[in-house]
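Undergrad: Return a 3D structure for these sequence lines:
(chains A and B)
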Amino acid sequence: MDDVLLLMEGIDKSFPGVDALKKCRFELKAGEVHALVGENGAGKSTLMKVVAGVYSKDAGRIFYKGKEVHIPNPRAAQRLGISMVHQELNLMRHLTAAQNIFIGREPVRGARILLDENALNDKAQKIIDMLHLKLNPRSKVADMSVAKQQMVEIAKALSFDSDVLILDEPTAALAQVEIVELFRIIRQLRDKGVGIIYISHRLEELKQISDRITVMRDGLYVDTVSTQGVEIDQIIKMMVGRVIYESSPEIPENPSQEIVLEVKNLNRGNEIRNVSFNLKRGEILGFAGLVGAGRTEVARAVFGADSFDSGEIIVKGKKVKIKGPSDAVNHDIGYLSEDRKQYGLCLGLDVETNIALVIISKLTGFLGWIKNIKVREIVKGIVNKLSIKTPSLNQKVKNLSGGNQQKLVVGKWLAKDTGILLFDEPTRGIDVGAKSEIYHLLNNLVRQGKSIIMISSELPEILRMSHRVVVMCEGRVTGELDYGEATQESIMQLATLRNNGNLSNN
Amino acid sequence: MIIKTETITREKKARSDTIQRLMAFGALLLIFISFSFASPYFFTFRNVIGILISTAVNGLLAIGVTFIIITGGIDLSVGTVMTLSAVMTGVFITYWNLPVPLGVMAGILTGSTAGFFNGIMVSKFKLPPFVATLGMLNVARGFSLVISKLSPIYFDLDKSVSSIAMGSILGKIIPGFEIPNAVLIMFGSAIIASLILSKTILGRYTYAIGSNEKAVQLSGVNIVFWKTAIYAVAGIFIGIAGVVIAARLNSAQPSLGLGYELEAIAAAVIGGTSLSGGEGTILGTIIGAFIISTLTNGLRILSVPQEWQIVITGFIIIFAVYLDVLRRGKQS
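TA: Here you go, the predicted model:
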């Protein structure tokens, strides 16, 4: 086993409120491409950020080339020869490719303070040539396509003469041609003996590029298998094979056939491609897909928070123009952001004020005087109805738990009596108990005739709640499943379906 | 097909960036020509020298503040730190009767030290630059008043401190070409600052930090060290401004300084330095400083009342910041 480059054992890492990694292990050999897969939030990126020195581990040991090492910061990782290309590109857009590649290691002359720009560009050119990239070291990153920017990141990672290269979702923003190019580079490096860790959601890529696959789930190590002897279906089973929601699904009685919201051929650049769907009265329509599939983008476009290039939005049979959120609200549409702290609530204000904000415009008298007694009455009603646990209506919202904060956001839209609600990750970051309360709440809402679109990255949640499931991948709708047909496996298949899934696309 | 249109829009964007950079210079030229037509007194050797001199102090402050703004920060303390530098020069030369060069050094060092502390607060203790330098504004202002015991420190005439700014080395070399030293100091400083930004590691990190600080940190660069260094280097130019203003007034005026910071920031922004960091040039900043002082000068010659001059300058600043917003909007 002398060709084991990197070995991680018993790695623990927790963030406030979450155990992100629990006794994780990972092994990488020289000259292999080792894929790391798992659902959103399984801990893949976290584990790799521990190796790359971005996070420090709480417990566990890391061995590198046979010796135990400590990696307190990114620089230490780079010195060892471990480089990571992060999912969110970490480039300085005002600088050139060469300047980005060698940031922190600029060639110097004259008393070690003057930059040697020519040497810098030459060195960059050498790396670019070695990888056969089509890249001008002198061009500014801001003027490059995302694919080229990715190449800059990879060139940068390799400029450290790395023995371990970690690629976090490198193909997320790339087109097919560019992916082929990336795979060529990866194979070339592998043949030189570099160990490559490849994090990806795109399971069909694994067969093409990886030698071994490690599966993670909920912060736990599941298994490592050889790519040759395994089917993608088995990998999917390992990724989702858990039983968190033991209770049976709570699908309420059938919705009516009346369509309250219809979206036709919605388009915006590469993010939203020809998206069509409809929502019936009293229905929960689940939106499944991986992070970055374009679900939030669609919701925000429908709500008017972002613009779109083309497409129609039809509310209750009438074609409407939605130019901004206020238009959407006037057409009875509400949007509950996945980031409730940033977009949903005024954390520093109290419970009453937060709910009151949406209704006071209707409850003011002469000169904008607020009818406080009436406001308080309505707020009390909502707090009771949603059983929001708060010591008083004057409690500051930041002191409430995540679940109660989420209920409060729902309460705001209830106060306005909105009929179409777009929920974006309604249970993100709240504990299991609070989750089931939110589920009850959603079910009650649809029973009252409201219609809900629920975006969720948690498959069990989608399966438990939705009448129908729309699955998205790369900005396209790749399938629509009825309650009976939807399973974790069928959704995962559709969610990882690249360009060949939708006839309407190219 | 798609790739082609993409490159075309990028080329277009790159071109519009250059246009924007040229715009400040064009504006300066336009202002100059308009005033020349409006008044026969404007485009005279004496008046142009006057404009140059009145740009010197603000130009130096603006050079310093440009470094900070490129990192994505802001420095509100440059005006009062300049005053403290002037006061320290006065203390050395007048109170302690030390040689003039030592006084000059003391002034420059004071500016750099204040910058150093600003840098520590911002980088090590993670204070927002706005708040940290607002604090420094008051600390420097208070120290100036305490040290000088609230009264101006005058320099002995025979020590000829005044000639540091108002003498003319150039006039001695080329008779008749009496450009005051203050102007040379500003242009010299501008050239040095420009070289620092474009040719040294410190300059590279200044742009890099302003562009994406997290990325720089992930690349293993010691942000605390370099940010502090950038603030300290910027402080040198503030110190020089202190010496120049002391020499021009032949005294250190402890109550001076408030309001200078805004004019310096305005010069940088008019010159194309982005308040969101990552871009800006010293040349632009100097042009920005000239736009402000040329306007003030021209309006005065046209006998526009001073209160109206202030109003007009205000509108120019708002317009310049609006251009910055437009530029940022285009990027995202």
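Undergrad: Only C-alpha atoms from now on, for both contacts and neighbour counts.
TA: Will do.
Undergrad: Tell me the secondary structure at the residue most central in space within chain B.
TA: The centroid of chain B falls nearest to B:Ala62 when counting by CA atoms, centre = their mean (1.2 Å). When classified by DSSP: H, G, I helix; E, B strand; the rest coil, B:Ala62 comes out as helix.
Undergrad: so who does it touch?
TA: Counting by CA atoms under 8 Å, 6 or more residues apart in numbering or on different chains, B:Ala62 touches B:264-265, B:267-268, B:285-286, B:289.
Undergrad: Repeat that for B:Lys199.
TA: A:114-116.
Undergrad: before we move on, what about A:Val33?
TA: Counting by CA under 8 Å, 6+ apart, A:Val33 has contacts A:190, A:195-198, A:209-212.
Undergrad: And the strands in the stretch 401-506 of chain A?
TA: Remark: strands assigned in the stretch 401-506 of chain A by DSSP state E, counting those that start in this stretch are A:420-424, A:451-455, A:468-473, A:476-482.
Undergrad: just for the stretch 1-150 of chain A, where's the confidence low?
TA: Across the stretch 1-150 of chain A, the ranges flagged by pLDDT under 70 are A:1-2, A:16-18, A:40-41.
Undergrad: Mind jotting down where the helices sit in it?
TA: Counting by DSSP state H, counting those that start in this stretch, one finds helices in the stretch 1-150 of chain A at the ranges A:44-51, A:74-80, A:97-101, A:110-113, A:117-130, A:146-158.
Undergrad: go on, the stretch 401-506 of chain A?
TA: A:402-415, A:432-447, A:459-465, A:488-495.
Undergrad: nearest to chain B, of these?
TA: helix A:488-495 (26.0 Å; CA to the nearest CA).
Undergrad: Contact distance from chain A - what residues of chain B qualify?
TA: B:10, B:14, B:199-202, B:207-208, B:211-212, B:214-216, B:218-221, B:278-279 (CA under 8 Å from any CA of the partner chain).
Undergrad: Buried subset of those residues, written for PyMOL?
TA: Buried subset of the residues of chain B next to chain A, written as a PyMOL selection, criterion 16 or more other CA atoms under 10 Å in any protein chain shown:
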select buried, chain B and resi 10+199+200+201+202+207+208+211+212+214+215+216+218+219+220+221+278+279
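Undergrad: can you pick the most crowded of the contacts of B:Lys199?
TA: Using other CA atoms under 10 Å in any protein chain shown as the neighbour test, the contacts of B:Lys199 are led by A:Leu115, with 21 neighbours.
Undergrad: Next up, the contacts around that residue.
TA: So A:Leu115 contacts A:106-109, B:199-201 (CA under 8 Å, 6+ apart).
Undergrad: again, only this time at 10 Å
TA: Contacts for A:Leu115 were tallied using CA atoms under 10 Å, 6 or more residues apart in numbering or on different chains; they are A:106-109, B:196, B:198-204.
Undergrad: Please name the bridge partners of it.
TA: Beta-bridge partners for A:Leu115, by DSSP bridges, are A:Val108.
Undergrad: Roughly how far does it sit from A:Ile179?
TA: Distance, A:Leu115 to A:Ile179, by CA to CA, to the nearest Å: 35 Å.
Undergrad: Strands - which of the contacts of A:Val33 land there?
TA: Among the contacts of A:Val33, DSSP state E puts A:195-198, A:212 in strands.
Undergrad: Any regions of the stretch 201-332 of chain B where pLDDT drops low?
TA: Using pLDDT under 70, the flagged stretches of the stretch 201-332 of chain B are B:327-332.
Undergrad: For chain A, what's its nearest residue on it.
TA: Across the stretch 201-332 of chain B, the shortest distance to chain A (CA to the nearest CA) belongs to B:Gly220, at 4.3 Å.
Undergrad: Enumerate every residue touching the closest residue to that residue other than its chain neighbours.
TA: Nearest in space to B:Gly220, with sequence neighbours left out and distances taken as CA to CA, 6 or more residues apart in numbering or on different chains, is A:Arg75 at 4.3 Å. Residues in contact with A:Arg75 (CA under 10 Å, 6+ apart) are A:52-54, A:81-83, A:104, B:217-222.
Undergrad: Next: B:Pro305.
TA: B:Leu299.
Undergrad: now swap in A:Thr418 and tell me
TA: By CA under 10 Å, 6+ apart, A:Thr418 lies in contact with A:329-335, A:412, A:450-451.
Undergrad: again, but for B:Val65
TA: B:59, B:73-78, B:231, B:234-235, B:237-238, B:261, B:264-268, B:285.
Undergrad: Give me the three-state assignment for it.
TA: Per three-state DSSP, B:Val65 ends up helix.
Undergrad: per-residue confidence for it?
TA: B:Val65 carries a pLDDT value of 98.
Undergrad: How about residue 218: what's its closest non-neighbour residue?
TA: As the question left the chain open, I've gone with chain A. The shortest distance from A:Asp218 to any residue other than its chain neighbours is 4.4 Å, reached at A:Ala42 (CA to CA, 6+ apart).
Undergrad: sorry, should have said chain B
TA: A:Pro74 (5.7 Å).
Undergrad: OK, contacts around the spatially closest residue to A:Val397 that is not a sequence neighbour?
TA: Take A:Val397 and drop its neighbours on the chain: the residue closest to it by CA to CA, 6+ apart is A:Leu347, 5.0 Å away. By CA under 10 Å, 6+ apart, the residues touching A:Leu347 are A:340-341, A:354, A:396-400, A:405.
Undergrad: could you dump those residues to JSON lines with pLDDT and distance to A:Val383?
TA: Converted to JSON lines, the contacts of A:Leu347 look like this (pLDDT from 0 to 100; distance: CA to CA, whole Å):
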{"residue": "A:Arg340", "pLDDT": "75", "distance to A:Val383": "18"}
{"residue": "A:Lys341", "pLDDT": "72", "distance to A:Val383": "19"}
{"residue": "A:Asn354", "pLDDT": "86", "distance to A:Val383": "12"}
{"residue": "A:Lys396", "pLDDT": "84", "distance to A:Val383": "14"}
{"residue": "A:Val397", "pLDDT": "84", "distance to A:Val383": "13"}
{"residue": "A:Lys398", "pLDDT": "80", "distance to A:Val383": "16"}
{"residue": "A:Asn399", "pLDDT": "78", "distance to A:Val383": "16"}
{"residue": "A:Leu400", "pLDDT": "78", "distance to A:Val383": "13"}
{"residue": "A:Gln405", "pLDDT": "85", "distance to A:Val383": "11"}
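Undergrad: Restricted to buried residues, select those in PyMOL.
TA: Filtering the contacts of A:Leu347 down to the buried ones (16+ other CA under 10 Å) takes a single PyMOL command:
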select buried, chain A and resi 340+341+354+396+397+398+400+405
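Undergrad: out of the contacts of A:Leu347, which are inside helices?
TA: A:354, A:405 (DSSP state H).
Undergrad: what two of the contacts of A:Leu347 have the greatest distance between them?
TA: Across those, the longest distance by CA to CA is 15.0 Å; it joins A:Arg340 and A:Lys396.
Undergrad: I'd like the distance between A:Leu165 and chain B.
TA: Going from A:Leu165 to chain B by CA to the nearest CA, to the nearest Å gives 14 Å.
Undergrad: Pull up the pairing partners for whichever strand or helix holds that residue, direction included.
TA: Per DSSP states H and E, A:Leu165 falls inside strand A:164-168. According to DSSP bridges, strand A:164-168 has the following sheet partners: strand A:82-85 (parallel), strand A:195-199 (parallel).
Undergrad: For A:Leu5, which of these is the nearest?
TA: Proximity to A:Leu5, assessed across the strands paired with strand A:164-168 by CA to CA, is greatest for strand A:195-199 (7.3 Å).
Undergrad: can you pull out the strands in chain B?
TA: For chain B, applying DSSP E gives strands covering B:153-154, B:251-252.
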